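>>> Provide a 3D model corresponding to the input given below.
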Amino acid sequence: MKKLSLFLFVILSFSAKLNAQNAQEIFLENLGAFEQLANENASINLNMVYEARKFLIDITGISYKMEKPFDMPVFPPDKTIKKWRAWFEKNKDLLYYDEKEKIVKVQKK
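Alright, predicted model coming up:
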């Protein structure tokens, strides 16, 4: 019985770690879209950019205003991209993928 309990604990721990890694990868994919755009290393896919913007704002709570009245609100300033990166480095261990809702969430501290 102890061996079965230990086995289940290891499997659940591994599963939780996998979910955290997947959540971190999803976060980095969304952040990477903006980092590449900032470095002009990517072509623009507006649907991807809108989705990445919403994802990052929802997860981090870090939003931004347009720097100039004629800027598209989709593209964040460099300082916001840096804030998102800093948020990730500080909170990446709190990210997890909710299998039931099929979304990335942040564990409460």
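
>>> need the helices for the protein, in chain order.
Listed from the start of the chain, the chain has helices (DSSP state H) covering 2-38, 46-60, 78-91.

>>> just checking, which of those helices comes out with the lowest mean pLDDT?
Taking the average pLDDT of each of the helices of the chain, the minimum falls on helix 2-38, with a mean of 65.

>>> Neighbours of Leu94, how many?
Look at Leu94: counted by other Cβ atoms under 10 Å, it has 14 neighbours. C-betas here are computed from N, CA, C, even on glycine.

>>> The closest residue to it other than its chain neighbours: what's it in contact with?
Take Leu94 and drop its neighbours on the chain: the residue closest to it by Cβ to Cβ, 6 or more residues apart in numbering is Gln107, 4.5 Å away. Gln107 makes contact with Leu94, Leu95, Tyr96, according to Cβ atoms under 8 Å, 6 or more residues apart in numbering.

>>> Now Tyr64, what are its backbone angles?
Summarising the backbone geometry of Tyr64 under the convention degrees, to the nearest 10, its torsions are phi -160, psi 160.

>>> number of nearby residues for it?
Other residues within reach of Tyr64 by the criterion other Cβ under 10 Å amount to 16.

>>> my guess is it contacts Thr80, does it?
Yes - using Cβ atoms under 8 Å, Tyr64 makes contact with Thr80 at a distance of 4.3 Å.

>>> List just the nearest of the contacts of Gln107 to Asn30.
The closest of the contacts of Gln107 to Asn30 turns out to be Leu95 (Cβ to Cβ; 11.5 Å).

>>> Now that closest one. Nearest residue, chain neighbours left out?
Nearest non-adjacent residue to Leu95, counting by Cβ to Cβ, 6+ apart: Ala23, 3.9 Å away.

>>> Thought Glu99 was touching the one you found, still the case?
No - with contact taken as Cβ under 8 Å, Ala23 and Glu99 are classed as non-touching, separated by 11.0 Å.

>>> Counting neighbours, go ahead and name the busier of these two.
Higher neighbour count among Ala23 and Glu99: Ala23, with 22 against 10, using other Cβ under 10 Å.

>>> Contacts only, for the more buried one.
Residues counted as contacts of Ala23 (Cβ under 8 Å, 6+ apart) are Leu95, Tyr96, Tyr97, Val104, Lys105.
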